[in-house]
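Undergrad: coordinates only, sequence not included:
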């Protein structure tokens, strides 16, 4: 199965850099998820974690990516990018249905 989230080259390189710099253990993968609802809407989550039985497990160029199965429909079609600018630096989720959303 294809990964439901697109990951740009810039984001991929930054993830690899973080894994190396922080010595993230091999049994950890990139976790992408959501939080919330309510008045603020959905917030997107990004971190490193181990796989659980509730996860869909994907491979992106050798990087394990874990997404809770119940979150997949909310993440489908998003793009994870990394932004470096004079005003800010960090990961952003781009949703073709909404404006730019920062993580």
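TA: Sure, I can see it. No experiment lies behind these values; they were computed from the predicted model shown.

Undergrad: does the spatially closest residue to residue 77 that is not a sequence neighbour sit in a helix, a strand or a coil?
TA: Spatially, and ignoring its direct neighbours in sequence, residue 77 is nearest to residue 96 (6.4 Å; CB to CB, 6 or more residues apart in numbering). Every residue, glycine included, has its C-beta placed from N, CA and C. Using DSSP: H, G, I helix; E, B strand; the rest coil, the secondary structure recorded for residue 96 is coil.

Undergrad: buried ones in the longest helix along the chain?
TA: Counting residues, the longest helix in the chain under DSSP state H turns out to be helix 9-21. Under the neighbour-count criterion of 16 or more other CB atoms under 10 Å, helix 9-21 has 11, 12, 14, 15, 19 buried.

Undergrad: Model confidence at the residue lying closest to the first one once chain neighbours are set aside, what's the number?
TA: Okay, so that is residue 11. The shortest distance from residue 11 to any non-neighbouring residue, by CB to CB, 6+ apart, is to residue 82 (4.4 Å). Reading off the confidence values, residue 82 has pLDDT 97.

Undergrad: now swap in the one 4 residues further on and tell me
TA: Looking at residue 86, its pLDDT is 86.

Undergrad: And the helix or strand residue 31 falls within, what's buried?
TA: Counting by DSSP states H and E, the element that carries residue 31 is strand 29-36. When burial is assessed from 16+ other CB under 10 Å, strand 29-36 yields the following buried residues: 29, 30, 31, 32, 33, 34.

Undergrad: about what we covered before: tell me how many other residues surround the residue nearest to residue 77.
TA: The local packing count at residue 96 equals 7, with neighbours defined by other CB atoms under 10 Å.

Undergrad: That one and residue 6 touch, don't they?
TA: No - under the contact definition of CB atoms under 8 Å, residue 96 does not touch residue 6, with a separation of 10.2 Å.

Undergrad: Return every residue with contacts to both of these two.
TA: Residues touching both residue 96 and residue 6 (CB atoms under 8 Å, 6 or more residues apart in numbering): residue 77.

Undergrad: any idea how far residue 62 is from residue 77?
TA: Taking CB to CB, to the nearest Å as the criterion, residue 62 is separated from residue 77 by 23 Å.
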